[in-house]
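1. show me the folded form of this:
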Amino acid sequence: MANFTTEQLRNIVLIGHGSSGKTTLAEAMLFDTGVLSRRGRVEDGTTAADWDDEAIRRKQSVAASVVACEYKGVKLNILDTPGFLDFAGEAKGAVSVADAGLVLLDSVSGVEVGTELGWGYLDERQLPRAVFVNKMDRENAQFERVVGLLREAFGGTIVPVFLPIGEGSEFKGVVDVIARKAYMGEAATVAEIPAGMSGAVEEARTKLVEAAAEGDDELIMKYLDGEELSSEEITRGLRAGIANNAIVPVFCGSAVSNLAVRPLLDAMVAYLPSPAQRPPATAKRPNGDEVELFAAATGPLAVVVWKTVADPYVGKVSYFRVVSGTFHGDARLWSMPGANEERIAQVFYPRGKEQLAATALVAGDIGGVTKLANTGTNDTLSEKTSSFELPRPVYPEPLYSVAISPKTKADSAKMGPALNRVTEEDPSLSWRQEQGTNETILSGMGEQHIELAVRRMETKFGVGLLTAVPKVPYRESITKSASDYHRHKKQTGGAGQFGEVHMEIKPLPTGTGFQFDTTRVFGGAIQNSFFPSIEKGIRSRLAEGPLAGYPVVDVRCEVYDGKMHPVDSKDIAFQIAGREVFKKTFLAAGPVLLEPIMDVHITVPEEYMGDIMGDLNTRRGRVQGMEQIKGKGIITAQVPLAEMQRYAIELRSITQGRGFYTMKLSHYDPVPSHIAEGIIAQSKKDRVEAEDE
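-> All right, here's what the predicted structure looks like:
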């Protein structure tokens with residue numbers, strides 16, 4: 001591949017709902033630019049962008065992919081992203097290194113939930129964007145309706161640049177309203193504008209000229225004076241308006257039929273900004289100072305790794321964007337925030353799974369490198385003498401969790417490293433050890449997301465895992481004070497064991513934890529040297545409470561009296577006495593089971609508000625508020641975690657995939673007594689079964 005300057009680069013992320021045609025469009029672009037001799041199909045698993053084994057098996061994109069091509073002296077780095085909500089983290093990663101977005105819409109379905117989410121990701125980074133109304137040859141395609149839905153959903157200056165020539169089975173090409181030219185068929189042959197479209201073309205052109213002129217003082221004066229703007233002037237104004245996010249141009253075509261893809265390529269080169277036209281990135285030096293990094297080949301080197309793939313044959317493959325400077329292979333760089341030296345081998349240009357050798361990549365370009373030892377996803381590479389750390393994307397909070405366990409003892413040893421590697425590949429995955437239930441929890445965006453991660457650990461790393469619904473991390477506490485004592489006395493011949501502890505247990509405010517006090521003991525009833533033994537005995541029951549085996553929180557234990565034996569009193573005796581008196585007093589102090597209550601924010605189309613409210617009531621939810629914004633209903637509620645374990649699946653079912661939610665821990669509340677009885681009974685049964693085994 002030839003060498004390109006920063007001004008000759010276009011980094012464009014394809015965003016849209018699942019099945020809107022992003023991968024098919026990327027394939028058509030590769031074909032039209034001469035990279036491919038024939039177009040692959042998603043259904044056959046033969047596209048360049050969907051090279052991952054799981055994408056081929058599922059017949060849908062599951063990971064972001066870069067496909068580079070050259071067109072009219074410009075290098076296009078097309079970032080294809082998954083549209084399914086479970087893989088939103090991949091889309092956010094790709095957006096973080098793009099300079100513009102191309103939002104794809106189905107000509108029949110229009111604006112969908114994936115469209116709204118993707119548009120929001122572009123808003124977060126204030127990226128310029130264009131819209132491509134795809135599948136114009138589909139039955140019931142309606143271009144004007146989709147444009148109207150766009151304006152209704154997102155507002156702003158949304159103006160068509162292409163108009164379709166026919167719709168559905170009659171779709172034959174497009175009219176470029178700026179050039180006043182028609183492009184017909186797959187070859188985009190230039191033709192005369194159909195006679196019946198002249199009025200619509202001039203009306204669309206007038207609106208486009210107004211939008212283009214508004215951002216340029218010279219053009220607006222000329223326009224207001226009634227002078228005709230040339231195509232070059234309109235293009236200049238349109239390019240400036242798009243770069244400032246003031247204008248969203250709309251194109252149309254059919255990726256699967258390769259209709260209007262070549263004119264779209266022309267428009268992307270002409271209107272969408274290069275890295276040099278984007279605002280500078282703000283990085284931090286190790287001392288905390290901020291510095292602006294412009295996309296200039298002569299600037300200080302700053303490279304951000306935005307995606308990591310564990311390849312079983314090659315090893316770790318890291319995909320990066322050169323934010324500033326020029327990135328050469330065969331070098332030694334400094335990795336932040338870990339502050340480690342990194343040996344850089346050969347760099348390459350990615351095109352799906354292809355790795356095209358490169359000697360150097362300039363600011364703004366996207367490339368890859370293998371076998372980085374100390375650099376993970378979203379880390380920054382720079383010179384040691386001038387090191388930086390670039391900001392990291394904020395990924396969606398995981399919504400769906402499973403408890404995982406190894407299938408065999410051999411899998412047990414490999415499970416931890418495999419989890420670390422798969423979560424490094426995908427930052428929207430996370431795992432933790434849940435202390436309250438002793439389970440390993442894997443969390444992600446949905447059922448398919450978790451299923452994919454488990455399959456990858458098996459196929460890539462040879463780790464077999466079983467999944468189950470996680471246990472709810474309940475807690476145990478008390479509601480009142482209680483006092484009691486326990487005497488531990490054991491005589492087996494020779495030295496015996498003796499210890500007696502009198503203790504009062506009291507409830508503490510939420511979040512206080514555990515307190516232990518011995519200041520009420522007078523007269524040497526218990527030697528000070530035995531107090532740590534009593535506390536150790538009590539703490540041995542905090543992890544598995546007396547009520548149902550869950551951690552104990554927010555209690556204060558006050559030892560106020562006791563007895564010793566001059567010969568038989570020893571540490572183990574007071575440990576046992578402390579443990580047993582804690583159990584007695586806890587069960588006498590109004591013990592309660594506490595459950596985690598989650599703050600939940602649910603966003604759904606207005607027509608589903610009633611269904612969601614009714615469903616929340618069945619989940620013991622307490623609605624905190626409701627609001628409506630642009631046809632969407634936002635419900636804020638507090639719901640027990642026990643009722644939300646599979647909500648990601650159920651919400652999609654209720655809303656036909658158009659609803660989404662976020663959830664975080666709010667506090668713990670007592671479990672209603674009728675539910676607590678069942679939990680306690682099941683816990684006792686599980687413990688008996690475990691002892692029998």
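
2. what helix or strand is the residue nearest to the spatial centre of the chain on?
-> The centroid of the chain falls nearest to residue 89 when counting by CA atoms, centre = their mean (3.1 Å). Under the criterion of DSSP states H and E, residue 89 resides in helix 88-95.

3. hmm, back to that, nearest residue to the residue nearest to the centre of the chain other than its sequence neighbours?
-> Leaving aside its sequence neighbours, residue 89 sits nearest to residue 428 (CB to CB, 6 or more residues apart in numbering; 2.6 Å). Every C-beta, even on glycine, is put in place using the N, C-alpha and C of the backbone.

4. contacting residues for the one you found?
-> With contact taken as CB atoms under 8 Å, 6 or more residues apart in numbering, residue 428 is in contact with 88-90, 92, 395-396, 398, 444-445, 449.

5. so what's the residue nearest to residue 229 when sequence neighbours are not counted up against?
-> Excluding the flanking residues, the one nearest residue 229 by CB to CB, 6+ apart is residue 209, at 5.6 Å. Neighbouring residues of residue 209 by CB under 8 Å, 6+ apart: 223, 229, 234.

6. assumed residue 680 was part of a helix.
-> Yes. Counting by DSSP: H, G, I helix; E, B strand; the rest coil, residue 680 is part of a helix.

7. surely it touches residue 587?
-> No. Using CB atoms under 8 Å, residue 680 is not in contact with residue 587, being 11.5 Å away.

8. what do these two both touch?
-> residue 547.

9. more neighbours, the two?
-> Comparing residue 680 with residue 587 by other CB atoms under 10 Å, the one with more neighbours is residue 680, at 19 against 16.

10. list the contacts for that one?
-> 547-548, 593.

11. ok, now how distant is it from residue 642?
-> Separation of residue 680 from residue 642 (CB to CB, to the nearest Å): 14 Å.

12. could I get the longest strand belonging to the chain in CSV with only the CA atoms?
-> The longest strand of the chain (DSSP state E) is strand 591-605. Extracted in CSV, the C-alpha atoms of strand 591-605 (Å, rounded to 0.1, in the frame of the first residue of the first chain):
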residue,chain,number,x,y,z
PRO,A,591,-31.7,-11.3,62.5
VAL,A,592,-32.7,-10.2,59.0
LEU,A,593,-31.6,-11.1,55.5
LEU,A,594,-30.6,-8.1,53.4
GLU,A,595,-30.8,-7.9,49.6
PRO,A,596,-29.1,-5.6,47.1
ILE,A,597,-31.4,-2.9,45.7
MET,A,598,-30.4,-1.5,42.3
ASP,A,599,-31.0,1.9,40.8
VAL,A,600,-32.4,1.1,37.3
HIS,A,601,-32.9,3.6,34.4
ILE,A,602,-34.9,2.1,31.6
THR,A,603,-35.3,3.8,28.2
VAL,A,604,-38.1,2.5,25.9
PRO,A,605,-40.4,3.9,23.2
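
13. would you confirm that residue 72 contacts residue 268?
-> No. Look at residue 72 against residue 268 with CB under 8 Å: they stay out of range, at 10.4 Å.

14. the more surrounded of the two?
-> residue 268 (21 against 11).

15. surely that one and residue 12 touch.
-> Yes. Residue 268 is within contact range of residue 12, at 6.2 Å (criterion: CB under 8 Å).

16. shared neighbours, these two?
-> Joint contacts of residue 268 and residue 12 (CB under 8 Å, 6+ apart) are 76, 102.

17. how much space separates the residue nearest to residue 89 from residue 98?
-> Counting by CB to CB - residue 428 and residue 98 are separated by 18 Å.

18. same deal with residue 203?
-> 33 Å.

19. same thing with residue 580?
-> From residue 580 to residue 98 the distance is 64 Å (CB to CB).

20. got the angle for the helix or strand where residue 78 lies vs helix 88-95?
-> Using DSSP H and E, residue 78 falls within strand 74-80. Angle of strand 74-80 versus helix 88-95, following axes from the mean of the first three to the mean of the last three CA atoms, to 10 degrees, is 170 degrees.

21. quick one: list the elements packing against strand 74-80.
-> Secondary-structure packing of strand 74-80 (3 or more CB pairs under 8 Å, 6 or more residues apart in numbering; DSSP states H and E): strand 9-16, helix 22-32, strand 65-71, helix 261-271.

22. mind listing what's buried in the second one?
-> What it means is helix 22-32. Going by neighbour count (16 or more other CB atoms under 10 Å), the buried part of helix 22-32 is 22-32.

23. mind putting those residues into JSON lines with distance to residue 660 and pLDDT?
-> Formatted as JSON lines, these follow (distance: CB to CB, whole Å; pLDDT from 0 to 100):
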{"residue": "22", "distance to residue 660": "19", "pLDDT": "97"}
{"residue": "23", "distance to residue 660": "23", "pLDDT": "97"}
{"residue": "24", "distance to residue 660": "25", "pLDDT": "97"}
{"residue": "25", "distance to residue 660": "25", "pLDDT": "98"}
{"residue": "26", "distance to residue 660": "26", "pLDDT": "97"}
{"residue": "27", "distance to residue 660": "29", "pLDDT": "97"}
{"residue": "28", "distance to residue 660": "30", "pLDDT": "97"}
{"residue": "29", "distance to residue 660": "30", "pLDDT": "98"}
{"residue": "30", "distance to residue 660": "32", "pLDDT": "97"}
{"residue": "31", "distance to residue 660": "35", "pLDDT": "97"}
{"residue": "32", "distance to residue 660": "35", "pLDDT": "97"}
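
24. could you redo those as a markdown table and give each row distance to residue 148?
-> Shown next, in a markdown table, are these (distance: CB to CB, whole Å):
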| residue | distance to residue 148 |
| --- | --- |
| 22 | 23 |
| 23 | 27 |
| 24 | 25 |
| 25 | 23 |
| 26 | 27 |
| 27 | 29 |
| 28 | 26 |
| 29 | 28 |
| 30 | 32 |
| 31 | 32 |
| 32 | 30 |
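
25. got any ranges where the chain has weak pLDDT?
-> Applying pLDDT under 70 to the chain picks out residues 1, 493-494, 690-693.

26. contacts for the helix holding residue 89, please.
-> For helix 88-95, using CB under 8 Å, 6+ apart, the contacting residues are 13, 15, 62-64, 79, 81-83, 101, 117-118, 121-122, 124-125, 127, 306-307, 377, 393-396, 426-429, 445.

27. beta partners for residue 129?
-> Per DSSP bridges, the residues bridged to residue 129 are residue 101.
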